[in-house]
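>>> return atomic coordinates for the entry below.
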Amino acid sequence: DKPIDDIGKEVEARRQKEAGAHPPKKSGDNDKGLNSRFIIKCLNANELGDGMLYAAIHKNKYIFNKSTGGWMIWTGHYWDIDHFNRAHANVEGVSDVYLKEAYNIVDRIKQATKQEKDDEVKQLTKLQTRIYKRVRRLREEKGRVNTLKFAHTNQEMAISIKGDELDQQPLLLGTPGGVIELRTGTFRPGRPDDLISIISPIEWQGIDCPAPTWELFLMDVFEKNLELMDFIARLFGYAAAGLNIEHVFPILIGRGRNGKGTIIEIMMHVMGDLAAPISAETLLDQGRARNSAGPSPDIMAFRGLRMAFASETDEDRRFSHSRVKWLTGGDSLTGRQLQSSLVKFETTHTLFLMTNHEPQAQSDDFSFWERVFIIPFNLSYVNREPAADYERPADKHLMEKLKTEGPGILAWLVRGYLAWQQIGIDPPLIVQRATEDYHRNEDVMQDFLDMCCFLEPAQETGASELHSAFAVWWTENMSNRVPSQKKFGKWMRRRFKWEKIGTVRYYGLGLKSEEFGS
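So this is what the prediction gives:
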């Protein structure tokens, strides 16, 4: 440790060196805009005051995240984790302010000495000594740690956030060099109060930046269907904004090696940590209820995302409708990591499923089906001479080429968002028809009605007769595990008028075959 006298000499030497380098300041102010009264107030408040002085110096430069228990640093356009402990190192800034205050005291001592004000000289010398002692303590590890603690716990000017304020401004998309305001497609410098911490890693080069390879790739994948290509731009542009207005569940479906994986990979490249894969199991029926108080890292994985991608469900797996609707409905999500408390956070993601097989879904769940968009991928890219009409030659270097067009693809997303503002999602006919086909294929009740029943307004049939016929049909066409009469009744009541007079009867249909009791 330096002796106090040495620190005093250091102060005087620095004062002499800097005297000609800076214009005179207003009396009582230093170069950080802090007046002497406030600095001495901090000195008198001991470690609490050191923390307050740190907060005053480093406001909008560092911030303490209460959720993570760590410091964040302002990079110039967004907040980042303080990986290199700069907040810790910059406690030295507090020492500098105190030492510069000591410069002023040196001048005041000289003036008081000339005026033979001995009591004032004694008081100022004592104050100067206190400052030197404080600086020495601040340059110890304990002094640094305590300064940081009081910087985020003092009641007057704490530099801290809860953590859930971060990345809660949809329509702002951070980049390394600034922020895109998606509502207008304009670009501006980032501001600390934007509280952006997750950004696209792609530098913004303007809304007209081209991506010719990307455009040609989409043209090929979607077989020159311009309406479908425009829809894809609006869909992903909307997703990039972090809004939860459109409660949609796009399903990208088709045989393997058809381009859908490339699209998802490029979206994750352009969006960075704003886009990520999630487990498809999160969307599927697990066959048992989960403990709502248990850890849910699968739910926490959605926090802060704008695009979430689930992929490759196994054939014959069934959706958990309640979970899909919950994850696509725009409501707040609640989850917790291992060894952590429950956290509630706003939905900012659009959930996509990429699969070769259509998972099973209940056909009569209207709120589920109004979310679904089936996006067909009909081609297959092969590493040989194409043999079928749906095959195309694969470009082994395509991903590398597309990644070089990151700025252009980012601009494509922004233009897609602007188009969404004008038009909305507006799925094209090919998506509507593919979704209707999927819905119909999942409608086993309609299969039963088509095969075993006829529709006639004047006809009525008892529930027991219908279920008996249904059981025979189900056993022959589906499996030996016949849905209960209660479940069957639930399905029927959604389709037909009914009443209970002794027994339940349904109106408007009859059984075709005498074998079933018509």
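>>> contacts for stretch 444-455 next, please.
Residues outside stretch 444-455 that contact it (Cβ atoms under 8 Å, 6 or more residues apart in numbering) are 363-364, 440, 466, 469-470, 473-474, 477-478, 491-492, 495, 508-513, 516. Where you see a C-beta, it was placed from the backbone N, CA and C, and this is true even at glycine.
>>> buried members of those into PyMOL, please.
To isolate the buried ones among those in PyMOL, judged by 16 or more other Cβ atoms under 10 Å, type:
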select buried, resi 363+364+466+469+470+473+474+491+492+508+509+510+511+516
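>>> keep only those of the contacts of stretch 444-455 that are in strands.
Taking DSSP state E as the definition of strands, the contacts of stretch 444-455 contribute 508-511.
>>> let me have the residues you listed in TSV, extended by pLDDT and distance to P297.
Formatted as TSV, the ones in strands among the contacts of stretch 444-455 follow (pLDDT from 0 to 100; distance: Cβ to Cβ, whole Å):
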residue	pLDDT	distance to P297
G508	95	49
L509	95	48
G510	94	53
L511	94	51
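>>> and which of those is nearest to R257?
Of all the ones in strands among the contacts of stretch 444-455, L509 has the smallest distance to R257: 45.5 Å, by Cβ to Cβ.
>>> so what's that closest one bridging to?
L455 (DSSP bridges).
>>> show me what contacts it?
In this structure, L509 makes contact with 449, 453-456, 459, 461, 496, judged by Cβ under 8 Å, 6+ apart.
>>> wait, which of the residues you listed is closest to L413?
L449 (44.5 Å).
>>> list the buried residues in the helix or strand harbouring the closest one.
In the assignment (DSSP states H and E), L449 maps to helix 444-452. If you call a residue buried by 16+ other Cβ under 10 Å, then helix 444-452 has these buried ones: 444-445, 447-449, 452.
>>> columns pLDDT and distance to A411 on top of the residues you listed, output as JSON lines?
Output for those, formatted as JSON lines (pLDDT from 0 to 100; distance: Cβ to Cβ, whole Å):
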{"residue": "V444", "pLDDT": "83", "distance to A411": "46"}
{"residue": "M445", "pLDDT": "87", "distance to A411": "47"}
{"residue": "D447", "pLDDT": "88", "distance to A411": "47"}
{"residue": "F448", "pLDDT": "92", "distance to A411": "51"}
{"residue": "L449", "pLDDT": "92", "distance to A411": "50"}
{"residue": "C452", "pLDDT": "94", "distance to A411": "56"}
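>>> which is the next helix or strand following the biggest helix by length in the chain?
Looking across the chain with DSSP state H, the single longest helix is helix 92-114. On the C-terminal side of helix 92-114, the nearest following helix or strand under DSSP H and E is helix 118-138.
>>> buried set for that following helix?
Applying 16+ other Cβ under 10 Å to helix 118-138 flags 121, 124, 127-129, 131-132, 134-138 as buried.
>>> going by distance to L305, which of the residues you listed wins?
Nearest to L305 among these is L138, at 41.0 Å by Cβ to Cβ.
>>> pretty sure that closest one contacts N90?
No. With contact defined as Cβ atoms under 8 Å, L138 does not reach N90; the gap is 11.3 Å.
>>> is L410 in a helix, a strand, or coil?
helix (DSSP: H, G, I helix; E, B strand; the rest coil).
>>> for the nearest residue to it once chain neighbours are set aside, give me the pLDDT.
In space, and not counting its chain neighbours, L410 is closest to I202: 4.7 Å by Cβ to Cβ, 6 or more residues apart in numbering. Looking at I202, its pLDDT is 99.
>>> do R15 as well
47.
>>> ok, which stretches of the stretch 101-250 of the chain are helices?
Taking DSSP state H, counting those that start in this stretch, the helices of the stretch 101-250 of the chain run over residues 118-138, 141-151, 212-221, 226-240.
>>> any stretches of this structure with poor pLDDT?
For the chain, the stretches with pLDDT under 70 are 1-33, 286-295, 312-317, 339-340, 363, 514-518.
>>> in it, which residue sits furthest out from the middle?
Distance from the C-alpha centroid of the chain, by Cα atoms, centre = their mean, peaks at E116 (67.1 Å).
>>> for L216, see how far away that one is.
Taking Cβ to Cβ, to the nearest Å as the measure, E116 falls 88 Å from L216.
>>> what does N383 give?
Taking Cβ to Cβ, one finds N383 at 20 Å from L216.
>>> outline the domain layout of this structure.
4-161, 238-400, 444-516 (automatic domain parsing).
>>> make TSV out of those and add distance to F222.
Formatted as TSV, the domains of the chain follow (distance: least, Cβ to Cβ, whole Å):
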stretch	distance to F222
domain 4-161	34
domain 238-400	8
domain 444-516	30
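>>> can you check which of the ones you listed gets nearest to V179?
Nearest to V179, of all the domains of the chain, is domain 4-161, at 6.6 Å by Cβ to Cβ.
>>> the closest one: how far from the chain's middle?
Distance of domain 4-161 from the chain centroid (Cα atoms, centre = their mean, to the nearest Å) equals 38 Å.
>>> then stretch 268-276?
10 Å.
>>> likewise stretch 261-281?
That offset, for stretch 261-281, works out to 12 Å (Cα atoms, centre = their mean).
>>> and stretch 171-183, by the same measure?
Counting by Cα atoms, centre = their mean, stretch 171-183 comes out at 14 Å from the chain centroid.
>>> quick check: end-to-end length of that stretch?
From its first residue to its last, stretch 171-183 covers 6 Å (Cα to Cα, to the nearest Å).
>>> for it, which positions count as buried?
If you call a residue buried by 16+ other Cβ under 10 Å, then stretch 171-183 has these buried ones: 172-176, 178-180, 182.
>>> quick one: those residues as CSV, columns for distance to K396 too.
Listed next are the buried residues of stretch 171-183 as CSV, based on distance: Cβ to Cβ, whole Å:
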residue, distance to K396
L172, 37
L173, 32
G174, 33
T175, 30
P176, 30
G178, 35
V179, 36
I180, 33
L182, 34
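>>> which one of these is nearest to R257?
Nearest member of the buried residues of stretch 171-183 to R257, counting by Cβ to Cβ, is L173, at 31.0 Å.
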